[in-house]
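Chemist: Below are the sequence and a predicted model for it; my questions follow.
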Amino acid sequence: MRPFDRHTGKAVAIDLANIDTDQIIPKQFLKRIERTGYGQFLFNDWRFNADGSAREDFPLNDPAYKNASILIAGANFGCGSSREHAPWSILDHGFRAVIAPSFADIFHNNSLKNGLLPITLPEDAVARLTAASKQPNGLEISIDLEEQSVRGENFDERFEINEFAKYSLLNGLDDIGLTLKNAADIERFEQDSVPSYRFAAF
Amino acid sequence: MRTLYDKIWDAHMVRQEEGKPALLYIDLHLIHEVTSPQAFEGLRINGRKLRRPDLTFATVDHAIPTIGRNLPFNDPIAWKQVETLRENCRDFGVRLYDMDRKEQGIVHVFGPEQGLTQPGFTVVCGDSHTSTHGAFGALAFGIGTSEVEHVFATQTLPQTKAKNLLIDVKGDLSFGVTAKDLILAIINKIGTSGGTGCVIEYAGDAIKNLSMEGRMTVCNMTIEGGARAGLIAPDETTFEYLKGRTFAPKGDDWERAVEYWRTLPTDDGAAFDRTVEIDAASLAPFVTWGTSPEMSAMITDRVPDAPPPGRDANSFAKALEYMGLEPSQPIEQISIDRAFIGSCTNSRIEDLREAARIAKGHKVAGNVNAMVVPGSMQIKEQAEAEGLAEIFTDAGFEWRDAGCSMCLAMNEDILSEGERCASTSNRNFEGRQGRGGRTHLVSPSMAAAAAIAGHFVDVRNWEFRS
């Protein structure tokens, strides 16, 4: 996993609650068997008309937000399907963090596994960032994971993150490698405990 | 005193270290073509083995055609994905229930039908509707592809314990009101993030009185309420359903299993972090009007003229615009172009019986295209034997082969721009069933009735024909 420690970048806001993974990456792009190359499909139906032309009213198409690397959104971001293609497409498009008042559980989890930092801030703080991002000069934000801070002009907030997730992100650790270090525990569980599948006719 | 969730959690604890997520053992891993290829690739790149192929089962469902299973598909990319699953299952020794098998079906229909899903299990799958399996009193939740790879390599998952949320459904559902209406009502009440961070246990008389099919419908849409897993205590209905199924315990093992399963229900007096009460008797059939499953109303009601309290105003306005609806429009006056009866929410034999009762002796409205997609080839066969297929085709419904079909429209079953659909599926998100398509979530009987009337109608006043 790509580590995350500090990041400074331009922010862009999509001011809607319940942005679901079908919007983040529509299903027609889930047939590929690769893990990469999904950035071009990010928010496809909101970004592009059916004929492939760009929709000017969508923030990601606004030249003012070109190269934005921090996404700001409404509550319950990433609800819906478990497709990991959602964080893959956000990362591949060039984003390193998403800031929202809340996240759907599976998306939150999938993001952490890929080095995309989901930052939960109070509703009013997200509203202030959203408003600031729409000012003519835009908004530059600095994120420091070690100190769990989000800073911008007239803005300084702390965010909560699970200690272990933070440690893994800072070090870019591979979960599987960590778990396999405890393979003996798994073996012991399979042999000594009474697994729930013991009666099944598998 | 522990809840059902607490008990399953404790029984699967491999390792718990201070400040770290617990390592939980996984009893059953179901896979399909869409979310597994990158996980298999990860194993290969790192030279890792699939630890327990004997606890891993595969089927194909998401992107396969539901008509003319002539191979290869019209869609070469979808075909490659299915071929990749075949190759991966061969290489890693996973049992695959492919398109030539009568067991093949939507992964969340297939698992329970084959008796793979059993009380007290932990069940995972790279699909958010894995919550379906909670109907058996199994802790079942959807995972991402990185987690699929983790389960492949270790048969475990690092997990942080969720909160216990009890949804207590008091009283009984009245005639014409189904499990689908109940779960839509629950989501309407708690909102799409109401269950975030929680595992939901559904209890109360209305839940106890549901069949396994109805319980699966309720647990299926748990994720639409924000919770990754929903649970229902196993009881005689559960045991009755499981007995004799292919992978269910046999002989003495059956007796021992039932004895164990009886210890699983939540202890009297066990504490929940939160309780929500629902009055079942007050519910009518539900129809969603917006682009989120929480945006719904009873059939006797109207499209709201303002966002419900606490719900996002921007999303409300955008939803009405996308759906092409007016504030205060009566739900019964919404006309449809398409009807879809299928998906892991509502494609089981009981769902098809319910829809066929409505369809019998009627005809689909002239301007409506309606299709029925059974959840598995086994259900298809059973429905044909029971005469349901004939009722549907006589009424003008298309009768298809098993798959996810127009629930997520990855194959050719897709809405055109602006088309409006009465759908028994689980998500009414923008573009879910096709770009510009407008989805209204309903029960199987409500979808069948809308197909025939050409607009939504209250099935409680339906003219049944024989």
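Modeler: Structure received.
Chemist: So for the longest strand that chain A contains, mean pLDDT?
Modeler: In chain A, with assignment by DSSP state E, the single longest strand is strand A:6-14. The average of the pLDDT scores along strand A:6-14 is 98.
Chemist: Contacts made by it with the rest, please.
Modeler: A:43, A:59-60, A:62, A:65, A:67-74, A:96-97, A:99, A:117, A:129-130, A:132-134, A:138-146, A:152 (CB atoms under 8 Å, 6 or more residues apart in numbering or on different chains). In this view, the C-beta of every residue, glycine as well, is placed from N, C-alpha and C.
Chemist: Weed out the non-buried ones from those.
Modeler: Among those, those scoring as buried are A:43, A:59-60, A:65, A:68-74, A:96-97, A:99, A:117, A:129-130, A:132-134, A:139-141, A:143, A:145, A:152 (criterion: 16 or more other CB atoms under 10 Å in any protein chain shown).
Chemist: Run through these and flag the ones next to chain B.
Modeler: A:Gly74 (CB under 8 Å from any CB of the partner chain).
Chemist: Show me where the stretch 101-250 of chain B has its strands.
Modeler: Here the stretch 101-250 of chain B has its strands, by DSSP state E, counting those that start in this stretch, at B:122-125, B:139-142, B:156-159, B:163-170, B:198-203, B:229-231.
Chemist: So what's the gap between the fourth one and the chain middle?
Modeler: Between the mean C-alpha location of strand B:163-170 and the chain-wide mean there is a distance of 19 Å, by CA atoms, centre = their mean, to the nearest Å.
Chemist: Does chain A have contacts with that strand?
Modeler: No: residues of strand B:163-170 contacting chain A under CB under 8 Å from any CB: none, with a closest distance of 11.4 Å.
Chemist: That strand packs against which elements?
Modeler: helix B:179-190, strand B:198-203, helix B:205-208, strand B:274-279 (3 or more CB pairs under 8 Å, 6 or more residues apart in numbering or on different chains; DSSP states H and E).
Chemist: make it 10 Å
Modeler: When contacts are defined as 3 or more CB pairs under 10 Å, 6 or more residues apart in numbering or on different chains; DSSP states H and E, strand B:163-170 packs onto helix B:4-11, helix B:179-190, strand B:198-203, helix B:205-208, strand B:229-231, strand B:274-279.
Chemist: Now the ones you listed in a markdown table, please, with extra columns for mean pLDDT.
Modeler: A markdown table is the format used below for the helices and strands packed on strand B:163-170 (pLDDT from 0 to 100):
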| stretch | mean pLDDT |
| --- | --- |
| helix B:4-11 | 98 |
| helix B:179-190 | 98 |
| strand B:198-203 | 98 |
| helix B:205-208 | 98 |
| strand B:229-231 | 98 |
| strand B:274-279 | 98 |
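Chemist: Tell me who's in contact with B:Pro73.
Modeler: For residue B:73 the amino acid is Phe, not Pro. B:Phe73 is in contact with B:63-65, B:79-82, B:99, B:411-412, counting by CB atoms under 10 Å, 6 or more residues apart in numbering or on different chains.
Chemist: do A:Ile176 as well
Modeler: So A:Ile176 contacts B:42-43, B:46, B:48, B:146-147, B:149-154, B:158 (CB under 10 Å, 6+ apart).
Chemist: Can you classify it as helix, strand or coil?
Modeler: helix (DSSP: H, G, I helix; E, B strand; the rest coil).
Chemist: what's the span of stretch B:203-222 from first residue to last?
Modeler: Taking CA to CA, to the nearest Å as the measure, stretch B:203-222 stretches 14 Å from start to finish.
Chemist: Please identify the buried residues of that stretch?
Modeler: By neighbour count on 16+ other CB under 10 Å, the buried set for stretch B:203-222 is B:203-204, B:206-208, B:210-222.
Chemist: Mind checking which of those residues land in helices?
Modeler: Among these, DSSP state H puts B:206-208, B:212-220 in helices.
Chemist: residues near residue 148, how many?
Modeler: With no chain named, the answer covers chain A. Using other CB atoms under 10 Å in any protein chain shown, A:Gln148 is surrounded by 14 other residues.
Chemist: Switch to chain B, please.
Modeler: Count around B:Val148 with other CB under 10 Å applied: 27.
Chemist: for the one 10 residues further on, same thing?
Modeler: When neighbours are counted by other CB under 10 Å, B:Pro158 registers 22.
Chemist: give me every residue that touches it.
Modeler: Here B:Pro158 is in contact with A:109, A:164-165, A:168, A:175-176, A:178-179, B:14-15, B:20-24, B:147, B:150 (CB under 10 Å, 6+ apart).
Chemist: Just the ones of the residues you listed in helices?
Modeler: Counting by DSSP H, the contacts of B:Pro158 place A:109, A:164-165, A:168, A:175-176, A:178-179, B:147, B:150 in helices.
Chemist: hang on, the earlier thing: restricted to strands, list the contacts of strand A:6-14.
Modeler: Per DSSP E, the contacts of strand A:6-14 map to strands at A:70-73, A:97, A:99, A:117, A:140-144, A:152.
Chemist: ok, A:Ile99 touching A:Phe159?
Modeler: Yes: counting by CB atoms under 10 Å, A:Ile99 touches A:Phe159, with 8.4 Å between them.
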